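S.K.: make a model of this:
(one chain, ligands or ions: 1)
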Amino acid sequence: MNEHERTALITGASRGLGLALARALARGGWRVIIDARDPVALEVARADLAQHSHVIAIAGDVADAAHRGALAAAARELGGLDAIVNNASILGPSPQPELLDYPLDVLEQVYHTNVIAPLALIQAARAHLRPAARIVNITSDAGVEAYPGWGGYGSSKAALEQLSAILAAELGELRVYWVDPGDMRTQMHQEAFPGEDISDRPLPEASVPGLVELLEGAHPSGRYKAREVDFANARQR
Ligand SMILES: NC(=O)c1ccc[n+]([C@@H]2O[C@H](COP(=O)([O-])OP(=O)(O)OC[C@H]3O[C@@H](n4cnc5c(N)ncnc54)[C@H](OP(=O)(O)O)[C@@H]3O)[C@@H](O)[C@H]2O)c1
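M.R.: Okay, the predicted model is just below:
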């Protein structure tokens, strides 16, 4: 395959990790389809990325089926996908309440965005996945560690992890990665630690090379930490 024809669908790419990954892929010749809810921030990101590659930006909420349909239609328009990166995610309330005080309507929203929507997007785009396509679901250490106060977001990421593992078992021919990017200096991280100085956390760009390696390399399906991906793994185009 001509590497300049590769296409990635990355959700939540107006800022943070999604934008950093989209920028790296666009600079590497990938065409990108991106989304975010805020159309103004998304347009700024689109204009930035369009300096490097072909970009389709569609404003909307991944929790909305019609929006996911529009993303899938864009994938069809570009002739298929080599990667879906389910990156868009919400934290829930800030500060995060403990589970016994967690508003259940908000918990449903967190699960809808962080668990149901990623699967629903894969379902919507399945007909447009190229044979060697990669599915990347962005998870968190909060999905495996029991941090007090992280019960809503953390349990949603735990569900995303198990969903990813079963998807990998069911989709033997496609590679499925669920990836912990590590702590990053982003808006979500600031919301998780309101009022705290998070300037010591690495920028999201530090988590990007590992993700690109997973997208372009030949690693087996599984759980990875973005900053610990083995770059010695043989590449397969
Ligand atoms: N930051 C960390 O320390 C950290 C640690 C572990 C894992 N993670 C994970 O890394 C991923 C990226 O997080 P980040 O820190 O880069 O977050 P961020 O800076 O808050 O960026 C989130 C991006 O997703 C978009 N988004 C949020 N909800 C959306 C929705 N419902 N539909 C469409 N787009 C949506 C946002 O734009 P709009 O708000 O305009 O929609 C934004 O572009 C997430 O999956 C997060 O759980 C982050």
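
S.K.: show me the contacts for the residue nearest the centre of the chain.
M.R.: Central residue of the chain (Cα atoms, centre = their mean): Asn87, 1.7 Å from the mean position. Residues in contact with Asn87 (Cβ atoms under 8 Å, 6 or more residues apart in numbering) are Ile10, Thr11, Gly12, Ala13, Leu17, Gly18, Leu21, Val136, Ile138. Where you see a C-beta, it was placed from the backbone N, CA and C, and this is true even at glycine.

S.K.: which residue is the nearest non-sequential neighbour of the second one?
M.R.: Which is Thr11. Ala88 (3.8 Å; Cβ to Cβ, 6 or more residues apart in numbering).

S.K.: same question, the third one
M.R.: Counting by Cβ to Cβ, 6+ apart, the nearest residue to Gly12 once its immediate chain neighbours are dropped is Ala88, at 3.0 Å.

S.K.: near the ligand, which residues of the protein are found?
M.R.: Remark: the part of the chain in contact with the ligand comprises 11-18, 35-38, 41, 61-63, 87-90, 113, 138, 140, 181, 183-184, 186-189, 204, using Cβ under 6 Å from any ligand atom.

S.K.: out of those residues, which sit inside strands?
M.R.: Secondary structure assignment by DSSP state E places Asp35, Ala36, Ile138 of these in strands.

S.K.: residue contacts, the residue nearest to the second one when sequence neighbours are not counted?
M.R.: Read that as Ala36. Once flanking residues are discounted, Ala36 sits nearest to Ser14: 3.5 Å by Cβ to Cβ, 6+ apart. With contacts defined as Cβ under 8 Å, 6+ apart, Ser14 is in contact with Ile34, Ala36, Asp38, Ala41, Leu42, Val44, Ala45.

S.K.: Val106 now?
M.R.: Gly92, Pro93, Gly152.

S.K.: picking up where we left off before, now do the residue nearest to Thr11, the pLDDT please.
M.R.: For Ala88, the model assigns a pLDDT of 99.

S.K.: cool, the one 4 residues further on as well?
M.R.: With respect to pLDDT, Gly92 scores 98.
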